[in-house]
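Q: Sequence and predicted structure are below.
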Amino acid sequence: MSTLSFDRKVAHAVQRITSSAFGPYQSAVIRIGFSATYLLFLLRELPHRHEMYGPDAPWRWDMAQQLISGNQSFTALMWSDSAVWFEIVYAVALLSAALLMVGWHTRAMSVLFMAGVLSLQNRSIFMGDGGDNVIHLMAIYLVLTRCGRVWSLDARRAARAEEAEEAEEAARGTGVEADVPRRSMRGDVVGPALWVALGVVLVAASATDGLGGTWWLPTLLWILWIGEGAWWAVNRYAPRSQTRILLDVIANLAHNATLVVIMAEVCLIYATAGWYKIQGSRWQDGTALYYPLKLDYFTPWPGLSDILASNGVMVMLITYGTVIVQVAFPFTLFNRRVKNVLLVAMICEHAGIALLLGLPFFSMAMIAADSVFLPTVFLVWLGGRVTLARKLLFSRGNGLPEQRRAADDEEAPQRSGDGGHTLVG
């Protein structure tokens, strides 16, 4: 009996891992958070883009080319030293971040977003900080996730197409012609057009050795491109075949494995940061916070920084509290209540860093990474409140009827078999 029970548990676990993509709301928040962070960063640095990554950068194009020839990294800005080409790459990075944030053709935009992040950051590697490193990694991870299943234009388009198909099937059963919206031709054309355009760029970049000297990036891009083509063809010509099920299983496995990697990455960041802090004498005596509060570079609000720095008790409590939270967090993952308490503490910590030390994009990146551990119930509730607020805003501004369906732009909550509680919430 015990062997049979164990086999059933293993079969159930395998079935869950292959049949569904875990954490759809968490992965959506990660997508929105990191794309919004980078979009705002690019917009803020728009007046200084030439000095940071472009033709006027102190780290000149020939110097960057010499460095990249040694570290084998990828950047599309090395394809040409033209100012026009730089503007094109910067515009693509901006546009892809905005479209990924709203979830428009999410897979293609995630690839362009990754290319934009790698191109700009690898062009001037000495311009980055810890937040840029997190964005760098997450941009790569996002291309393997199914992060557009909720809270995206893709999800809304899929829901409307499914409703139309169900209405048509019901109408055929009754012999009455249904008055339902047909699937738009635009939705059928844009995806293949993007696939063809990105394929042309991929072929040209591969032929000219423009993808860097590493093996993993060309392999990843070719697998994604071929996989997306197969996905479109199977969905169009054999939507209920065994091949379609196999592709769905592969996508779920890639998504779930990547989500585990993201969680491990966040735990590793906090664990290493906490244990390195323990070794520092200023963290040991509880005065570490005092010193950045006295640096002009990290004091956007000097008055507020002086008030906090003058309170020795608060400095000591925050210093020790930071170390305790960072070291303890990876050990609390399997205790949902304790994990949620420390998660709130870390989010508040990063909000304080953004306010007191003037590092908003670092804090936004870390909060977006932390969101992989947010409870699903909370995210569903938050999404409902945002949808309600949007409905009220647009109904008052445009005179739309109050009876408009709440699910017009919102997907039904997805719950796992154990009531919606998993490692990610």
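A: Good, I have the coordinates. Numbering: from 1, shown residues only.
Q: I'd say Thr106 and Arg157 touch.
A: No. In this structure Thr106 lies outside contact range of Arg157 using C-beta atoms under 8 Å: 10.9 Å. Where C-beta positions appear, they are placed from N, C-alpha and C, glycine not excepted.
Q: So which of the two has more stuff around it?
A: Thr106 (25 against 17; other C-beta atoms under 10 Å).
Q: Now that one: closest residue in space, sequence neighbours ignored.
A: Gly148 (3.1 Å; C-beta to C-beta, 6 or more residues apart in numbering).
Q: what sits against that neighbour?
A: Ala28, Arg31, Gly103, Thr106, Arg107, Asp154, Ala155 (C-beta atoms under 8 Å, 6 or more residues apart in numbering).
Q: The third one contacts Val29, correct?
A: No. In this structure Gly103 lies outside contact range of Val29 using C-beta under 8 Å: 11.8 Å.
Q: any residues in contact with both of those two?
A: Joint contacts of Gly103 and Val29 (C-beta under 8 Å, 6+ apart) are Trp151.
Q: sorry, back to before: looking at the contacts of Gly148, point me to the pair that's furthest apart.
A: Spanning the widest gap among the contacts of Gly148 are Ala28 and Arg107, at 13.9 Å by C-beta to C-beta.
Q: pLDDT value on the closest residue to Leu99 other than its chain neighbours, please?
A: Of all residues not flanking Leu99 in the chain, Met109 sits nearest, at 4.6 Å (C-beta to C-beta, 6+ apart). pLDDT for Met109: 97.
Q: Please apply the same query to the one 10 residues further on.
A: The predicted structure scores Ser119 at 96 on the pLDDT scale.
Q: mind exporting whatever helix or strand it lives in as CSV, just the C-alpha atoms?
A: Per DSSP states H and E, Ser119 falls inside helix 106-123. Output in CSV follows, covering the C-alpha atoms of helix 106-123 (Å, rounded to 0.1, in the frame of the first residue of the first chain):
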residue,chain,number,x,y,z
THR,A,106,4.6,38.8,-24.9
ARG,A,107,7.0,36.1,-26.1
ALA,A,108,8.3,38.3,-29.0
MET,A,109,8.5,41.4,-26.8
SER,A,110,10.3,39.5,-24.1
VAL,A,111,13.0,38.5,-26.6
LEU,A,112,13.3,42.1,-27.8
PHE,A,113,13.4,43.3,-24.2
MET,A,114,16.2,40.9,-23.4
ALA,A,115,18.1,42.1,-26.5
GLY,A,116,17.6,45.7,-25.6
VAL,A,117,18.8,45.2,-22.0
LEU,A,118,21.9,43.2,-23.0
SER,A,119,22.7,45.6,-25.8
LEU,A,120,22.7,48.7,-23.6
GLN,A,121,24.2,47.2,-20.5
ASN,A,122,27.0,45.4,-22.3
ARG,A,123,27.9,48.5,-24.3
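Q: which element follows it toward the C-terminus?
A: In N-to-C order, the element after helix 106-123 by DSSP H and E is helix 130-142.
Q: Let me know how buried Ser69 is, in neighbour terms.
A: 11.
Q: That should have said Arg282, apologies.
A: Arg282 has 13 nearby residues by other C-beta under 10 Å.
Q: Now do the contacts for the closest residue to it other than its chain neighbours.
A: Nearest non-adjacent residue to Arg282, counting by C-beta to C-beta, 6+ apart: Ala288, 4.1 Å away. When contacts are counted by C-beta under 8 Å, 6+ apart, Ala288 touches Lys277, Gly280, Arg282, Thr319.
Q: List the buried residues of stretch 42-50.
A: Buried residues in stretch 42-50, counted by 16 or more other C-beta atoms under 10 Å: Leu42, Glu45, Arg49.
Q: and which of those residues is nearest to Thr299?
A: Glu45 (21.2 Å).
Q: what separates the nearest residue in space to the closest one that is not next to it in sequence from Pro58, distance-wise?
A: Nearest residue to Glu45, sequence neighbours excluded (C-beta to C-beta, 6+ apart): Met52, at 5.9 Å. Distance of Met52 to Pro58, given as C-beta to C-beta, to the nearest Å: 9 Å.
Q: Please apply the same query to Leu198.
A: In terms of C-beta to C-beta, Leu198 sits 33 Å off from Pro58.
Q: circling back: out of the contacts of Ala288, who's the most crowded?
A: Of these, with other C-beta under 10 Å as the count, Thr319 tops at 20 neighbours.
Q: Okay, and that one sits in which element?
A: helix 312-328.
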